[in-house]
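S.K.: Got a sequence here, can you build the structure:
(2 chains)
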Amino acid sequence: MKVLVTVKRVVDPQVKVRVKSDGSGVETANIKMAMNPFCEIAVEQAVRMKEAGVVTEIVAVSIGAPQCQETLRTAMAMGADRGILVETGSEVQPLGIAKVLKAIVGKESPRLVIMGKQGVDDDNNQSGQMLAALLGWPQGTFISGITVNGDNAECVREVDAGLEKVTLRLPAVVTADLRLNEPRYVTLPNIMKAKKKPLEVVKPEALGVDIAPRLKILKVQEPPKRGAGVKVADVKELVAKLKNEAKVI
Amino acid sequence: MAVLVITDHDNAHLKPGVTNTVTAAARMGGAVTMLVAGHQCGAMAQAAAKIAGVAKVLLCDAPQYEGLLAENLAALIVPLAASYTHIVAPASGFGKNLMPRVAALLDVQQISDISAVESPDTFVRPIYAGNVLATVQSGDRIKIVTVRSTGFDAAGESASPAPIEKLAPAADAGLSKFNGQEVQKSDRPELTAARIIVSGGRGVGSAENFRIIEALADKLGAAVGASRAAVDSGFKPNEFQVGQTGKIVAPELYIAVGISGAIQHLAGMKDSKVIVAINKDAEAPIFAVANYWLVEDLFKAVPELTKEL
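M.R.: I've put the predicted structure just below:
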């Protein structure tokens, strides 16, 4: 079975971002970038399924600037067989991402698409669900387990109350939650090998997809800062403060 | 203007964020209609009808809605869309799963996780783990929105319940099947609805040691939370996770124990009214958001605190 995995290039989650002085966006020049952590988990899942003999080919897809090729090389160093970059310099919002991916799915015909549950940059948590909708496929979001069983995928989902079990009729789209797996570190020999794997670059126009953003970003700003706190000497002082000053207990 | 709010429930209880979502919906303008879809969920419709500001409740009760599967619910909601300017749901696991599917079927770009309503087409939403607030304007005919419940007060109760109208179900899409949930029963309050939360981090050290966190929580009538590090280490299941990719909470009092304060944890709790941090590391970043902090070994401080209260 062929699997498509998607990888997004984002500001490294350990980096504290700054708002541009004109409030038009977030400063991303000269900032460390990385593969979105949830996409790493998605790639790892595909690779484990290939190692288990369930998956025969893994195609990694990224959408964005030419530098996303690096993110695709990382996915290939983890074990993806080839990469496709849909290259664009403009902002692509989740609906546009889903439309691009639908076109790629049309060309590649995977039986399963594995995506991260959300990008840790814009925190939208939409693209996987939207892709499933556009394809008319079932969706398994926020999964912490997946077993392919003939024509079905048995998924365990992380929900607010605990865990939920759903059966999806393949083909399907699933999105990875944190506890699905722990992604491997890429090794030097695998990085070298990844450099020789095929990487195709296409433009959104060539796919016949309209990616114009629908949401206009009017401004971005930093949230209000919390006032400075007080260090307390011991538990007794803490209890006194909570009772008499904060009045919360 | 007419707003349709999709109700998050488990066929037995309305979820805590629903009443806050009604408050947000009312700010978008126009009459608020609630959709309650589920199985044997008539009581949910009666509960929704009592929320202040609700003009009408649509009830759709059929077996294919038991597990609130997105595939089936989206097929029910999409044909209703023509009558509304906004379709809104809580940004809970339920809303996050369902609403993008509805939006894509309507060719709409969803606005996720809003914390404020500026006007009927303009909203504020946190991005980058809450380190940045973006003000966004939608040009789509219909606005599909999920609501961060901590950004809005809960709507109260209405003296006269809204009328309930029955809605015919859509056909089962046959794409997916709900096979049940594994839910840990607890007498403690639910995390997103609690007035006080006691959370433990990696510093707690083990699942057994979480007992001292739980003892403090029980003394305070509080909910128990956990940082992602504690969840990753297997001290607590994922549903306890507070943070960017877990639950977003804003209680009256949040007590962070043995939590260093990673960006993604702060994203889930920094709107709490009063934050207390207990950590033996005097340099822990959590102290930067704390109202009161105590530099002490948690194994000494927490039992002492439980005793003092």
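S.K.: Quick check, pLDDT for residue 53.
M.R.: Here I'm looking at chain A. Listed pLDDT for A:G53 reads 97.
S.K.: sorry, should have said chain B
M.R.: On the pLDDT scale, B:G53 is placed at 96.
S.K.: Likewise for B:V88?
M.R.: For B:V88, the predicted pLDDT is 98.
S.K.: wait, doesn't it sit right on B:V147?
M.R.: Yes. Contact between B:V88 and B:V147 holds when scored by Cβ atoms under 8 Å: they sit 6.2 Å apart. Any C-beta I mention is one placed from the backbone N, CA and C, and that applies to glycine too.
S.K.: between the two, who's got more neighbours?
M.R.: Legend: neighbour count by other Cβ atoms under 10 Å in any protein chain shown for B:V88 and B:V147, higher for B:V147 (31 against 25).
S.K.: Give me the buried positions along the longest strand anywhere in chain A.
M.R.: Longest among the strand segments of chain A by residue count, using DSSP state E, is strand A:139-149. By 16 or more other Cβ atoms under 10 Å in any protein chain shown, the buried positions in strand A:139-149 come out as A:139-146, A:148.
S.K.: how near is the most centrally placed residue in chain B to chain A?
M.R.: By Cα atoms, centre = their mean, chain B has its centre lying nearest to B:S92, at 4.2 Å. Applying Cβ to the nearest Cβ, to the nearest Å, one obtains 6 Å for the distance of B:S92 from chain A.
S.K.: what sits in contact with each of B:V88 and B:V147?
M.R.: Shared contacts of B:V88 and B:V147, defined by Cβ atoms under 8 Å, 6 or more residues apart in numbering or on different chains, comprise B:21, B:24-25.
S.K.: what's the neighbour count on the closest residue to B:E66 other than its chain neighbours?
M.R.: In space, and not counting its chain neighbours, B:E66 is closest to B:H39: 3.8 Å by Cβ to Cβ, 6 or more residues apart in numbering or on different chains. Residues near B:H39, counting by other Cβ under 10 Å, number 16.
S.K.: Contact partners for B:H39?
M.R.: By Cβ under 8 Å, 6+ apart, B:H39 lies in contact with B:11, B:61-66.
S.K.: pLDDT score for it?
M.R.: Value for B:H39, per-residue pLDDT: 98.
S.K.: Near the nearest residue to B:A129 once chain neighbours are set aside, how many residues? Count them for me, please.
M.R.: In space, and not counting its chain neighbours, B:A129 is closest to B:A267: 3.8 Å by Cβ to Cβ, 6+ apart. Each residue near B:A267 was counted by other Cβ under 10 Å, and the total is 22.
S.K.: My read is that B:A267 contacts B:Q241, right?
M.R.: No. Counting by Cβ under 8 Å, B:A267 stays clear of B:Q241, with 11.6 Å between them.
S.K.: hmm, back to that, need the next SSE after the longest strand of chain A, C-terminal direction.
M.R.: Where DSSP states H and E defines the elements, the next helix or strand beyond strand A:139-149 is strand A:152-159.
S.K.: returning to what we had before: can you tell me which of the contacts of B:H39 are classed as buried?
M.R.: B:11, B:61-62, B:64-66.
S.K.: For the residues you listed, work out which two are farthest apart.
M.R.: Pairwise distances among the buried ones among the contacts of B:H39 were taken by Cβ to Cβ; the largest, 13.0 Å, belongs to B:N11 and B:Q64.
S.K.: Got phi/psi on the closest residue to A:M78 other than its chain neighbours?
M.R.: Spatially, and ignoring its direct neighbours in sequence, A:M78 is nearest to A:V43 (5.0 Å; Cβ to Cβ, 6+ apart). Backbone torsions for A:V43, taken as degrees, to the nearest 10, come to phi -60, psi -50.
S.K.: Give the burial count for A:V43, as a bare number.
M.R.: 30.
S.K.: give the contact list for it.
M.R.: Contacts for A:V43 (Cβ under 8 Å, 6+ apart) come out as A:5, A:7, A:35, A:58, A:60, A:75, A:78-80, A:114, A:183.
S.K.: Likewise for B:I286?
M.R.: With contact set as Cβ under 8 Å, 6+ apart, B:I286 has these partners: B:256, B:259-261, B:265-266, B:277, B:279, B:293.
S.K.: for A:A80, same thing?
M.R.: Each residue near A:A80 by Cβ under 8 Å, 6+ apart is listed here: A:5, A:43, A:46-47, A:58-60, A:72, A:197.
S.K.: Then B:F235?
M.R.: By Cβ under 8 Å, 6+ apart, the residues touching B:F235 are B:200, B:204-207, B:209-210, B:226.
S.K.: just B:K177 next, same as before
M.R.: By Cβ under 8 Å, 6+ apart, the neighbours of B:K177 are A:166-167, B:69.
S.K.: How much space separates the residue positioned nearest the centre of chain A from B:A82?
M.R.: Nearest to the geometric centre of chain A sits A:G116, at 3.4 Å (Cα atoms, centre = their mean). Here the distance between A:G116 and B:A82 works out to 33 Å (Cβ to Cβ, to the nearest Å).
S.K.: can you check B:L309 too?
M.R.: Relative to B:A82, B:L309 is positioned 55 Å away (Cβ to Cβ).
S.K.: Correct me if wrong: B:I144 contacts B:M99.
M.R.: Yes. Between B:I144 and B:M99 there is a contact at 5.8 Å, judged by Cβ under 8 Å.
S.K.: who has more neighbours, these two?
M.R.: Between B:I144 and B:M99, counted using other Cβ under 10 Å, the more crowded position is B:M99 (31 against 25).
S.K.: Would you agree that one is in contact with B:I142?
M.R.: No. Using Cβ under 8 Å, B:M99 is not in contact with B:I142; the gap is 11.9 Å.
S.K.: show me where the stretch 151-300 of chain B has strands.
M.R.: Taking DSSP state E, counting those that start in this stretch as the test, the strands found in the stretch 151-300 of chain B are B:164-166, B:176-183, B:196-200, B:223-226, B:253-257, B:274-279, B:292-295.
S.K.: and what of chain A?
M.R.: Under the criterion DSSP E, chain A contains strands at A:2-6, A:9-11, A:33-35, A:57-64, A:82-87, A:112-116, A:139-149, A:152-159, A:162-169, A:172-176, A:199-202, A:215-221, A:230-232.
S.K.: Sheet-wise, list the partners of the fifth one with their directions.
M.R.: Strand A:82-87 has its sheet partners listed here by DSSP bridges as strand A:57-64 (parallel), strand A:199-202 (parallel).
S.K.: Quick check: end-to-end length of stretch B:38-52?
M.R.: Start-to-end span of stretch B:38-52 (Cα to Cα, to the nearest Å) is 22 Å.
S.K.: quick one: buried residues of that stretch?
M.R.: Buried, per 16+ other Cβ under 10 Å, within stretch B:38-52: B:38-39, B:41, B:44-45, B:47-52.
S.K.: do the same with stretch B:154-164
M.R.: In stretch B:154-164, counting by 16+ other Cβ under 10 Å, buried: B:154-155, B:161-162, B:164.
S.K.: Fine by me, thanks again.
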